[in-house]
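In: Model the structure of this input:
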Amino acid sequence: MGVVSFVLLQLQGSTVELANHHSASRVIQWCLKEGSTADKARLLGQVKANIVPLSRSKYGRHVVQKVISMASKEEVPGLVKLFKGHVAELLRHPSGADVLDDLYNVCPQSCRNTLCAELYSREFTLFEGVGTRSENISHLGDLLAGVDARKRQAVVEHLYKGLAPVLEKALLHPMMTHRLLRELITESPGSVVADVVDTLAATGGNALKLVHTHDGAAAAAMALAYGTPKDRKRLIKGMKGYVWQTADNEWGHAVVATALSVTDDTALTGKAILGELKPHLEEMCSSKHAHRVLMQLLAPDNHRYLPPAIYELLHPPVKTMMVAADAGAAAAGFDADDGEFVDAGADAELQEQQQGADEDAMQQDGSEDSSDVEQRQDEDDSNAADAAGDLSEQGGDAAADSAGDESPQAQDDDTASPQMVERQLGESKKAADVRRRELLGSGKGSLSEALLQLCAAQGGELLRSQVGGDVVVEVARGAAGGLLWQLDQAGVERVHAAVVQELAHDCSTSKPAPSGRQQQKSKQKGQSAGMGADQQQQEQEPLLTHYFGSRHLRRLLLAGSSQGADGEGARAFAQQLWAGALKGQCKQLVGTHAEKVLGAVLLCGVPAVVQEARAELQELVGPDAMAWAAKFTGPAAGSAGAGKQKHVQTKQQQEQPELHRELKQQVQQPAEQQQEATAAAPPTKKKKKHK
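Out: As a prediction, the model looks like this:
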């Protein structure tokens, strides 16, 4: 008899009781891991028969989690059936939530839908059964498509009742809860959403348990978008100490970007969010996810930098709710008379100041003579007596008539229901451009100053990286709408000077700029020969011929074609680049990756630079320099808004279809002639290959 069989023989009849013990539960887990097939089957039978009570146990849940981790793919649906009817109960239990989280992570989509369906309704056969369409369903919205309003309301109410205790206990770590919470906020009316967001904001820092999954980040972003200023303040303060970790997360960076995009209190976000991000600014520029937080400030809602899934998180659908006119204005700080937001605290302070001023005035007036005061009082009394006499002479009939006019309808008007108005959840009173300006700031200690200093010091290195180059491009062009150019023009020009200085150094070398493939080979040779870091730095590929660097420079130059302030910074860079680095150097750059940059110079939007560059390039590429540049600045080159303009033909292709047709025929004719010659030639015998 083996050790496991001996232990199970001693535990016979008391396995469930001992599983609730701190040490004995570890022994049972060891038996599940090391036992034979027969021993495991016997032990699993006892655990599965009491799986729900064990899931609620502090130590027994570890045994259930061990069973789930050891289950094969075919055994998972059987485990899901054991929890039927107890999902909502376990989801609001601290130990049971951990068990359901492990089970949900190993379940296929159909089993996940089965678990979530228990919170949709008491009847699993709703909508003709969840299981019939389970594999094609990913969220509640797929089930509610085409369902009447009555059933939709019933499902939403049942889901809200099931999740309310979960939110109150802040049990937000299971992925299943993330999905259900996102579905609840998405499908519920505005009144329910307001209650859910208020409850979620009350959890404070526990809301950070949501940001590491897609569904959880969507729920957190919607809570920020739909919340009141008080809700947003509580949620943002809950991020304290974890802002950088959240911004560097695959989904969490969307939550940080949403907080900066919807919160009007820029003093709060500047201190609580940007204050923790500034020390990690260099890491942010090189981070695949965190740099999108910066891009949302520099170039908001640009599809080039935001994947569709992240863009959807940043722009949840608009939700409204009906509130009383007075209550809605008071809750939102909205003055219904003039349509402006007012600060209730400021009004109270103003009233106190006015009251204090009145008291001071009364004290000053107290120094008057008592005779003057008595004289004014006598005059007021006499005027009041005269007015009373005039009213009495008008007769009592008018008074009686006025008293008789107090009808029930007038009384109903006094007790009538208040006027209801529609209010948008989370509506901001501050314009997006004003919010961006306040967050970027200007002067010492501002985010714009730190960002400009970093790009000026490490502009060349960042341009050689895939994501860091995006940051430098937007900074060098002055940000969307020329905002950064307006805030600190001198700082942007320093970035231009630093980049141009490095490009001028590359162009001044005697040897021609190598291609990317040649540079990669030389780098491998240097590493194999044991070259030091300083030597490898000297052999670094020039920025003009670098794969990413040349493309970032091309996009920055093409941004100068934008009209107005949007391309003002890019046009200034084009002038400085041509005068300080490229002028007179085109001969050694033609034939390398730098052709992309030279072609973009011809479309930079500065007439003087375009004229000089065209004159120098015509001697090298032919009289039609613009046609040559079109090869490198077509749709693939892109511009600042290229993310929104895909699948667009070049201007030359639209104006010269006949030329392209002739070139295509010239290419096809030699191929057809070669096929005819091959067919006319005698067949050749193939040589046999010997193994």
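
In: number of nearby residues for residue 81?
Out: Residue 81: 9 surrounding residues under other C-beta atoms under 10 Å. C-beta here means a position set from N, CA and C on the backbone, and glycine is covered the same way.

In: Following element in sequence after the helix or strand it falls within, please.
Out: Residue 81 is part of helix 76-82 when elements are defined by DSSP states H and E. Later in the chain than helix 76-82, the nearest helix or strand by DSSP H and E is helix 87-91.

In: Could you pull up the mean pLDDT of the helix or strand following that following helix?
Out: Counting by DSSP H and E, the next helix or strand C-terminal to helix 87-91 is helix 94-106. Helix 94-106 carries an average pLDDT of 95.

In: Also stretch 33-52?
Out: 86.

In: hang on, the earlier thing: show me what the helix holding residue 81 is in contact with.
Out: 48, 51-52, 67-68, 71, 103, 106-108, 111, 114-115 (C-beta atoms under 8 Å, 6 or more residues apart in numbering).

In: which among these end up buried?
Out: 51, 52, 67, 68, 71, 103, 106, 107, 111, 114, 115 (16 or more other C-beta atoms under 10 Å).

In: Excluding residues flanking it in the chain, which one is nearest the second one?
Out: It stands for residue 52. residue 86 (5.1 Å; C-beta to C-beta, 6 or more residues apart in numbering).

In: The one you found reaches residue 51, doesn't it?
Out: No - using C-beta atoms under 8 Å, residue 86 is not in contact with residue 51, being 9.1 Å away.

In: Farthest pair within the contacts of helix 76-82?
Out: Greatest spacing in the contacts of helix 76-82, by C-beta to C-beta: 52 and 108 (22.0 Å).

In: Might one say that residue 160 is in contact with residue 189?
Out: No - if you go by C-beta under 8 Å, residue 160 and residue 189 don't touch, sitting 10.6 Å apart.

In: could you check the distance from the most centrally placed residue in the chain over to residue 482?
Out: Closest to where the C-alpha atoms of the chain average out (C-alpha atoms, centre = their mean) is residue 254, at 2.2 Å. For residue 254, the distance to residue 482 equals 26 Å [C-beta to C-beta, to the nearest Å].

In: go on, residue 94?
Out: Relative to residue 482, and taking C-beta to C-beta, residue 94 is found at 53 Å.

In: Those two: which has the busier surroundings?
Out: Legend: neighbour count by other C-beta under 10 Å for residue 94 and residue 482, higher for residue 482 (20 against 12).

In: Wait, the more buried one touches residue 563, no?
Out: No - counting by C-beta under 8 Å, residue 563 is not a contact partner of residue 482; they are 11.1 Å apart.

In: burial of residue 627, as a residue count?
Out: When neighbours are counted by other C-beta under 10 Å, residue 627 comes out with 13.

In: typo on my end, it should be residue 143
Out: Residue 143 has 24 neighbours, counted by other C-beta under 10 Å.

In: any idea how far the residue lying closest to residue 556 once chain neighbours are set aside is from residue 288?
Out: Leaving out its chain neighbours, the residue that sits closest to residue 556 by C-beta to C-beta, 6+ apart is residue 473, at 4.8 Å. To residue 288, residue 473 is 16 Å away according to C-beta to C-beta.

In: of the two, who's got more company?
Out: residue 473 (26 against 11).

In: What pLDDT is listed against that one?
Out: 96.

In: Wait, it touches residue 549, no?
Out: No - contact between residue 473 and residue 549 fails when scored by C-beta under 8 Å: they sit 10.9 Å apart.

In: May I have the helix or strand encompassing residue 183 exported as CSV, CA atoms only?
Out: Element membership for residue 183, per DSSP H and E: helix 175-187. C-alpha atoms of helix 175-187 as CSV (Å, rounded to 0.1, in the frame of the first residue of the first chain):
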residue,chain,number,x,y,z
MET,A,175,-12.3,38.5,-14.3
MET,A,176,-15.9,37.4,-14.3
THR,A,177,-16.8,40.4,-12.2
HIS,A,178,-15.0,42.7,-14.7
ARG,A,179,-17.1,41.4,-17.5
LEU,A,180,-20.4,41.6,-15.6
LEU,A,181,-19.6,45.1,-14.4
ARG,A,182,-18.8,46.3,-17.9
GLU,A,183,-22.0,44.7,-19.2
LEU,A,184,-24.0,46.3,-16.4
ILE,A,185,-22.7,49.8,-17.1
THR,A,186,-23.1,49.4,-20.9
GLU,A,187,-26.6,48.1,-20.9
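
In: Who are the packing partners of it?
Out: Packed against helix 175-187 by the contact rule (3 or more C-beta pairs under 8 Å, 6 or more residues apart in numbering; DSSP states H and E) you find helix 94-106, helix 109-120, helix 140-144, helix 149-168, helix 190-202, helix 214-226.

In: what about that helix, distance to the chain center?
Out: Relative to the centre of its chain, helix 175-187 is centred 17 Å away, using C-alpha atoms, centre = their mean, to the nearest Å.

In: and the angle from that helix to helix 109-120?
Out: 60 degrees (axes from the mean of the first three to the mean of the last three C-alpha atoms, to 10 degrees).

In: so how far does stretch 255-274 reach from one end to the other?
Out: 14 Å (C-alpha to C-alpha, to the nearest Å).

In: How far off centre is it?
Out: Centre to centre, stretch against its chain (C-alpha atoms, centre = their mean), the figure for stretch 255-274 is 12 Å.

In: quick one: average confidence on that stretch?
Out: pLDDT averaged over stretch 255-274 gives 95.

In: Repeat that for stretch 236-246.
Out: Stretch 236-246 shows a mean pLDDT of 95.

In: residues making contact with it?
Out: Residues contacting stretch 236-246 (C-beta under 8 Å, 6+ apart): 203-208, 211, 252-253, 255-256, 259, 263, 268-269, 272-273, 276-277, 279-280, 290.

In: Quick one, which of those are buried?
Out: Here, 16+ other C-beta under 10 Å leaves 203, 206-208, 211, 252-253, 255-256, 259, 263, 268-269, 272-273, 276-277, 280, 290 buried among the contacts of stretch 236-246.

In: quick one on the thing from earlier: what's near enough to touch the residue nearest to residue 556?
Out: Going by C-beta under 8 Å, 6+ apart, residue 473 touches 552, 555, 556, 559.

In: isn't the first one right next to residue 471, touching?
Out: No - in this structure, residue 552 is not within contact of residue 471 by C-beta under 8 Å, at 9.9 Å.

In: For the helices and strands packed on helix 175-187, please prepare JSON lines with the additional fields distance to residue 608.
Out: JSON lines is the format used below for the helices and strands packed on helix 175-187 (distance: least, C-beta to C-beta, whole Å):
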{"stretch": "helix 94-106", "distance to residue 608": "63"}
{"stretch": "helix 109-120", "distance to residue 608": "61"}
{"stretch": "helix 140-144", "distance to residue 608": "56"}
{"stretch": "helix 149-168", "distance to residue 608": "63"}
{"stretch": "helix 190-202", "distance to residue 608": "56"}
{"stretch": "helix 214-226", "distance to residue 608": "47"}
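
In: Need the winner for burial among those helices.
Out: Between those, helix 214-226 has the highest mean count of neighbours, a mean of 26, where neighbours are mean count of other C-beta atoms under 10 Å.

In: the inter-axis angle of whatever helix or strand comes next after that one versus helix 214-226?
Out: For helix 214-226, the following helix or strand on the C-terminal side (DSSP H and E) is helix 229-237. Helix 229-237 runs at 140 degrees relative to helix 214-226, counting by the same axes, to 10 degrees.
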